[in-house]
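Student: This is the structure alone, sequence omitted:
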């Protein structure tokens with residue numbers, strides 16, 4: 001065998017290996033597509049909407065999420081409404097969870113107010129409070145009882161009726177909490 005034939009074979013093998021390496025991402029994508037459920041994934045924008053609605057503040061503002069949820073997330077589709085709650089005492093993280101057969105949870109960092117800007121609660125547990133639902137062209141209000149302490153912008157539990165399930169409302173000023181419609 002001459003050296004030219006050996007070089008040609010070596011070149012052919014190297015080209016074949018390079019082609020296989022170049023196709024690996026395609027094989028991985030095809031394999032992951034086959035292993036994912038047919039329902040798809042939870043859209044990260046849906047997570048952003050849930051966090052914004054929960055905090056009452058848009059992304060990037062004090063009290064809201066620091067940044068949007070990572071668009072590369074591939075969380076199983078959630079068949080139930082997302083469960084959103086504060087994680088920790090200093091309210092610097094929001095937990096977003098999905099209950100179900102393919103449950104998951106993630107944590108979204110928020111921009112808490114600076115320590116010097118935090119003020120004493122203006123609503124205390126047990127205080128009477130007016131709850132207002134505002135929508136396009138309408139306003140409904142009802143009295144209730146605060147179930148938590150809070151400052152302006154905080155979401156607290158409110159009991160409207162002794163037998164009713166508590167609701168969540170955002171404190172707008174002393175004695176007034178808002179539930180945005182929509």
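Tutor: Perfect, thanks for sending it. No experiment lies behind these values; they were computed from the predicted model shown.
Student: count of neighbours near the closest residue to residue 84 other than its chain neighbours?
Tutor: Spatial nearest neighbour of residue 84, excluding adjacent residues (Cβ to Cβ, 6 or more residues apart in numbering): residue 54 at 4.2 Å. Bear in mind the C-beta positions are built from the backbone N, C-alpha and C, glycine included. For residue 54, the neighbour count with other Cβ atoms under 10 Å is 23.
Student: Also residue 140?
Tutor: The tally of other residues near residue 140 (other Cβ under 10 Å) stands at 11.
Student: what's the answer for residue 15, then?
Tutor: When neighbours are counted by other Cβ under 10 Å, residue 15 registers 10.
Student: Name the SS class of it, please.
Tutor: helix (DSSP: H, G, I helix; E, B strand; the rest coil).
Student: Kindly provide the distance from it to residue 21.
Tutor: Taking Cβ to Cβ, to the nearest Å as the measure, residue 15 falls 11 Å from residue 21.
Student: what pLDDT does the residue nearest the centre of the chain get?
Tutor: Geometric centre of the chain, nearest residue: residue 47, 3.5 Å, by Cα atoms, centre = their mean. Residue 47 carries a pLDDT value of 94.
Student: Thought residue 69 was touching it, still the case?
Tutor: Yes. Residue 47 lies in contact with residue 69 (Cβ atoms under 8 Å); the separation is 4.2 Å.
Student: Common neighbours of those two, please.
Tutor: Here residue 47 and residue 69 have 106, 108 as joint contacts, going by Cβ atoms under 8 Å, 6 or more residues apart in numbering.
Student: what number of residues lie near the residue nearest to residue 90 when sequence neighbours are not counted?
Tutor: Nearest residue to residue 90, sequence neighbours excluded (Cβ to Cβ, 6+ apart): residue 112, at 6.3 Å. Residues near residue 112, counting by other Cβ under 10 Å, number 15.
Student: I'd like to check which residues are in contact with residue 112.
Tutor: So residue 112 contacts 62-63, 90-92 (Cβ under 8 Å, 6+ apart).
Student: Those residues: which two are farthest apart?
Tutor: Of all pairs drawn from the contacts of residue 112, the widest gap by Cβ to Cβ lies between 62 and 90 and measures 13.5 Å.
Student: about what we covered before: what does the residue nearest to the centre of the chain show for phi and psi?
Tutor: Torsion angles at residue 47 (phi, psi; degrees, to the nearest 10) stand at phi -70, psi -40.
Student: hang on, the earlier thing: look at the residue nearest to residue 90 and give its secondary structure.
Tutor: Relying on three-state DSSP, one would call residue 112 coil.
Student: Please name the residues that touch residue 69.
Tutor: Residue 69 touches 44-45, 47-48, 51, 106, 108, counting by Cβ under 8 Å, 6+ apart.
Student: Would you write a PyMOL line that selects the buried entries of those?
Tutor: Buried residues within these, by 16 or more other Cβ atoms under 10 Å, are selected in PyMOL with:
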select buried, resi 44+47+48+51+106+108
